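A.B. asks: Here you go, sequence then predicted model.
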Amino acid sequence: MEKITPRLPSGMRDFLPEELLRRQFVIERVARVFEAFGYEPLQTPVLELEETLLGKYGADAEKLIFHAQHPNGKEKLALRYDLTVPLARAFALHESKLSLPFRRYQIAPVWRAERPQRGRYREFYQCDVDCIGVEGMEADAEVISVAVMALQRLGFSDFAVKLNNRKLLTGIGLYVGLEGPPLADLYRSIDKLDKIGVDGVREELLKSGIAAEPVDRIMALVGSGAELECGYAAARARLAHFRQILSDVPLALEGLAELERVFNYLEASQVPEAMIAFDPSMVRGLGYYTGPIFEAVLLSADPEERVGSLAGGGRYDDLIGLFRKTSLPTVGVSLGIERLIVLMEKRGMYPEPLQRTVVQVLVSVFNEALRPAALRLASQLRLAGLSVEVFAGSAKLGKQLAYADKRGIPLVALLGEDELAAGVVKFKRLRDQHETVCPSAESAQQAQALLCIPQN
RNA sequence: GUGGCCGUGGUGGAGUGGUACCACGUCUGGUUGUGGCCCAGAAGGUCGAGGGUUCGAAACCCUCCGGUCACCCCA
């Protein structure tokens, strides 16, 4: 048979053990934070019925959905595009078995047929935390707190969460006499503020057909502080300023009041004020947001670290209504887990004890006659909870040590004729060449001590 | 979807018209039960694919494929 050159589908990746161990470390750590706030794990199939996904993301996005058809399949299937629509579907389907508020997290791959780019893949992990069924702003503040703590637990401290409200943005549109479709252009242009600057946004708005006078009024509001000002006092002062200017626009006032409440809850939840800011120019792409929106950005001067937002989310009170007679208030946040991993990689943020392999002990085999003794030792160590590899094949001891070193296995058990005769095991810790001999009955304890694993 | 750049042994690179080189990695050895260093040696390449120009192409031209970056969009 002809050999096929091994290739990956475009935009997809293999994760080799060493990298996967680091990814799993990140995923497990954030999952623990989610659970600390009472969020439950949820898993849904990677395939959904087409009808579940179609019509939910807009025409442009819909073209990026992967379709997955079985040759004789009767069902039309597609790979999930995100975790939010499947959540809505799953919740509506299993409502009777769930209670409100329903808090869940899901860390799983999604698929998009986009052109791959740096840090952007066709198969990538999303990490979503959502709370269904709470109308009040305590839910918004809660998911923001979750995101902040997750980022902190991973070791990030130089970031800030920017908050805004879709109602406020729409209100600003009303304030200048815009409504309906032109609002989308307005959002898109404002969103580019930090990228193209005040003048750039002004230019785009004028180009999109908005008259000069309204554009000036928009810029006076949104462009007033292109600099990010963190802290609760600054946020409240700015909210008050907006309240004054937009006093005739009820929708804007509603949005401002919501934000005020979110800030109050965040402060009470001890979210550090250096990590919080009101940013009226922050938009977020997705159309389905209906209330507060938020985005965590890295405060780094390093252009190499400009990877977009670390996390983002908002309230989307209409989404569940897609699968249900009446909708339910819902708010969620998504950690940009792929970006976080890239950053942690770049910054070397993984804790030192994080190993390159799951193997903790390599049991060397001096010769075939001694293999049974090696196997016995290995099973004894495994019963104590250790991950143990017995050297396969035959090689000189030097080779076996070199192998352990290359693999990153921290400890080697040496069990030769002398040790066997004396009823002992010798351990060698590669990191510092430290060698100890102990009675074979105590070998598991000894290994754990050498690996610095606390006893029970 | 549009445009720029790139594609050389497992990996990263040098080589701009005369038939391929470096580093790392891999393997073997430096004899008896101890790795990371050092030394000696070895294996490994249809120079992304196909076509064209030329006496001769990894190099020049065309097409395709793949990668990458920017735009669009987005995590």
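C.D. replies: On my side now, so go ahead. Since we're looking at a predicted model, the values are computed, not measured.

A.B. asks: what's the domain layout of chain A?
C.D. replies: A:17-347, A:361-450 (automatic domain parsing).

A.B. asks: quick check: mean pLDDT across stretch A:374-393?
C.D. replies: This predicted structure assigns stretch A:374-393 an average pLDDT of 95.

A.B. asks: and that stretch, anywhere near RNA strand B?
C.D. replies: No: judged by CB under 7 Å from any atom of the strand, stretch A:374-393 stays clear of RNA strand B, getting no closer than 10.0 Å. From N, CA and C alone the C-beta is placed, and that goes for glycine too.

A.B. asks: And that stretch, what's buried?
C.D. replies: A:Ala374, A:Leu377, A:Ala378, A:Gln380, A:Leu381, A:Leu386, A:Val388, A:Glu389, A:Val390, A:Phe391 (16 or more other CB atoms under 10 Å).

A.B. asks: roughly how far apart are the last one and A:Val424?
C.D. replies: In this case it means A:Phe391. The spacing between A:Phe391 and A:Val424, counted by CB to CB, to the nearest Å, is 19 Å.

A.B. asks: Quick check: phi and psi at the residue in chain A that RNA strand B sits nearest to.
C.D. replies: Residue nearest to RNA strand B within chain A (CB to the nearest atom of the strand): A:Arg118, separated by 2.4 Å. Dihedral pair for A:Arg118: phi -50, psi 120, per degrees, to the nearest 10.

A.B. asks: then the one helix or strand A:Leu239 maps to to CSV, C-alphas only?
C.D. replies: A:Leu239 belongs to helix A:232-245 when assigned by DSSP states H and E. Coordinates of the C-alpha atoms in helix A:232-245 are reproduced here as CSV (Å, rounded to 0.1, in the frame of the first residue of the first chain):
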residue,chain,number,x,y,z
TYR,A,232,-15.0,52.0,41.3
ALA,A,233,-14.9,55.8,42.0
ALA,A,234,-13.9,56.5,38.4
ALA,A,235,-16.6,54.3,37.0
ARG,A,236,-19.3,55.9,39.1
ALA,A,237,-18.1,59.4,38.2
ARG,A,238,-18.3,58.5,34.6
LEU,A,239,-21.7,56.9,34.9
ALA,A,240,-23.0,60.1,36.5
HIS,A,241,-21.6,62.1,33.7
PHE,A,242,-23.4,59.9,31.1
ARG,A,243,-26.6,60.0,33.2
GLN,A,244,-26.6,63.7,32.9
ILE,A,245,-26.1,63.9,29.2
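
A.B. asks: Identify each of the helices in the stretch 351-456 of chain A and give its residue range.
C.D. replies: For the stretch 351-456 of chain A, applying DSSP state H, counting those that start in this stretch gives helices covering A:371-383, A:397-407, A:417-422, A:443-450.

A.B. asks: Among the buried residues of stretch A:374-393, which one lies nearest to A:Leu253?
C.D. replies: A:Leu386 (62.5 Å; CB to CB).

A.B. asks: A:Gln448 versus the residue lying closest to that closest one once chain neighbours are set aside, what's the distance?
C.D. replies: Closest residue in space to A:Leu386, ignoring its immediate chain neighbours: A:Gln360 at 5.1 Å, by CB to CB, 6 or more residues apart in numbering. Counting by CB to CB, the separation of A:Gln360 from A:Gln448 is 9 Å.
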